[in-house]
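Peer 1: here is my input, please return the structure:
(6 chains)
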There are 4 protein chains.
Amino acid sequence: MQYDNKPIYKQIAEYLYELILNGEWPDGERIPSIRDMAVQMEVNPNTMTRTYGLLQEQGIIYNRRGIGYFTIMDAREKTSSLKKAEFIHNELPEIFKKMDNLGMDTDEILALYDKYKN
Amino acid sequence: MQYDNKPIYKQIAEYLYELILNGEWPDGERIPSIRDMAVQMEVNPNTMTRTYGLLQEQGIIYNRRGIGYFTIMDAREKTSSLKKAEFIHNELPEIFKKMDNLGMDTDEILALYDKYKN
Amino acid sequence: MQYDNKPIYKQIAEYLYELILNGEWPDGERIPSIRDMAVQMEVNPNTMTRTYGLLQEQGIIYNRRGIGYFTIMDAREKTSSLKKAEFIHNELPEIFKKMDNLGMDTDEILALYDKYKN
Amino acid sequence: MQYDNKPIYKQIAEYLYELILNGEWPDGERIPSIRDMAVQMEVNPNTMTRTYGLLQEQGIIYNRRGIGYFTIMDAREKTSSLKKAEFIHNELPEIFKKMDNLGMDTDEILALYDKYKN
DNA sequence: GTGGTCTAGACCACC
DNA sequence: GTGGTCTAGACCACA
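Peer 2: As a prediction, this is how the structure comes out:
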């Protein structure tokens, strides 16, 4: 129960954010085609199209017709701030409220943080 | 993005956990019938059946034939530990790893915790 | 899953068969009233009515209006042969077929029989 | 008395166990879609959804989003051991106790076993 | 009254 | 195409 409910295209997006944050997809460079990436991730090209579409919507990558997809010039910085803002506003409040409901205190939280942060 | 994806029957389950944790549904007592609860929550009885079925699977409530559903004797305690374990094992690792990736440190986390915990 | 699905009135009937087979309800004697038995078994009188009705259908007990229920003269013998025939024709074939399907052999069956018979 | 009480969705589950045990649904392969199976079994798709849900809970099949259901890699072995354990723990004790109560001895049991096992 | 099951039909996200 | 969920309405055994 509740292992990985997220749609595949979002799971892949998470993975691509990592690639950008790690510098494996450097700022302003061309990234693999949808087709290649679909092969590499072993998913349907339609699914990869959705993933790229999502990143494009978020302004992290863009498309040059007939050439391919590219990261924007400050992709790394933008991804970082975008994900952080999104996380803090959309997820954190719910998470912390839940923790409080479950009777977790700051000591317990910090201990678990050290355990799980990586 | 990230509004409320959860199916209704699970959202109701979340609400019922609260009722149990708050003591509004005391340990070992009869809870409203599926039909009554469906009216109260303004959903179809089938949907409520799913919710009760979920709580029954988790061993928090049980059924007496022809009489109705009851919370188990230690429903409150069980719900609390069950939800906590579920949260710590299934959600926390991912959350904390994400926080670390986003460059959040303990100070920032604690500040946000105080802000959002309730 | 699958602990006790049987309707309560049948569960009680099983118990009453035992009483008869054990001689605790001797042949031809009066048995407790529906009302008393319902109190004793802690069930709704309607439920006990069903149970007595079932035994009456099977010709093991009968009713004298205004007086009460009685076991028939050869209740013990009749119960025994009736239950045995019922069991052999209705349940055994399915059970043995299932055992065979699950790859159980006679040795295993006999070992389990000795373990569980009582 | 004792015709077929089991709900349809469980009867179908029984049938699917057979398909797996017989190798008609080989390990690790895709099985028919809910809709197709519903047509084939002449039931409502909702009913088939319940059946597949049951098998999924038991860890015999799993779902790939948007693609369909698959048997797990060792579906046959798992189904066999699961059904056998379930049978031995939940049904056998009661059955053998009953047999003993009815005065059946090992000879009689074995004779009936040979008669009915297939 | 209670819950359990089934059908029919619909909508949706996802692949 | 796939499954997941929801509604509406019905029937049934059971207490």
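
Peer 1: can you read off the pLDDT for the most centrally placed residue in chain A?
Peer 2: Computing the C-alpha centroid of chain A and ranking residues by Cα atoms, centre = their mean puts A:E14 first, at 2.7 Å. What the model reports for A:E14 is a pLDDT of 91.

Peer 1: relative to DNA strand E, how far out is the residue of chain A found nearest chain D?
Peer 2: At 6.2 Å from chain D, A:I8 is the closest residue in chain A, using Cβ to the nearest Cβ. (C-beta placed from N, C-alpha, C; glycine too.) Here the criterion is Cβ to the nearest atom of the strand, to the nearest Å. By it, A:I8 lies 3 Å from DNA strand E.

Peer 1: what do you get for A:D107?
Peer 2: On the measure of Cβ to the nearest atom of the strand, A:D107 and DNA strand E end up 37 Å apart.

Peer 1: grab the nearest non-local neighbour of A:R50.
Peer 2: Counting by Cβ to Cβ, 6 or more residues apart in numbering or on different chains, A:R50 lies nearest to A:Y9, which is 4.0 Å off, once chain neighbours are set aside.

Peer 1: need the contact list for the one you found.
Peer 2: Contact analysis of A:Y9 by Cβ atoms under 8 Å, 6 or more residues apart in numbering or on different chains lists A:T47, A:M48, A:R50, A:T51, A:L54.

Peer 1: same thing but at 6 Å, please
Peer 2: By Cβ atoms under 6 Å, 6 or more residues apart in numbering or on different chains, the residues touching A:Y9 are A:T47, A:R50, A:T51.

Peer 1: close to DNA strand F, is the helix or strand encompassing the first one?
Peer 2: In other words, A:T47. Element membership of A:T47 [criterion: DSSP states H and E] is helix A:45-57. No. Legend: contact between helix A:45-57 and DNA strand F by Cβ under 7 Å from any atom of the strand is lacking; minimum distance shown is 9.2 Å.

Peer 1: make TSV from the contacts of A:Y9 and add pLDDT, distance to C:T79 and neighbour count to it.
Peer 2: As requested, the contacts of A:Y9 are exported to TSV (pLDDT from 0 to 100; distance: Cβ to Cβ, whole Å; neighbours: other Cβ atoms under 10 Å in any protein chain shown):
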residue	pLDDT	distance to C:T79	neighbour count
A:T47	93	66	19
A:R50	94	68	19
A:T51	95	70	25
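
Peer 1: how is A:L82 assigned, secondary-structure-wise?
Peer 2: helix (DSSP: H, G, I helix; E, B strand; the rest coil).

Peer 1: excluding chain neighbours, give the residue nearest to it in space.
Peer 2: Excluding the flanking residues, the one nearest A:L82 by Cβ to Cβ, 6+ apart is A:Q58, at 6.2 Å.

Peer 1: same check, this time on A:P7
Peer 2: Once flanking residues are discounted, A:P7 sits nearest to D:R65: 6.9 Å by Cβ to Cβ, 6+ apart.

Peer 1: pLDDT at the one you found, what is it?
Peer 2: The per-residue pLDDT of D:R65 was computed as 90.
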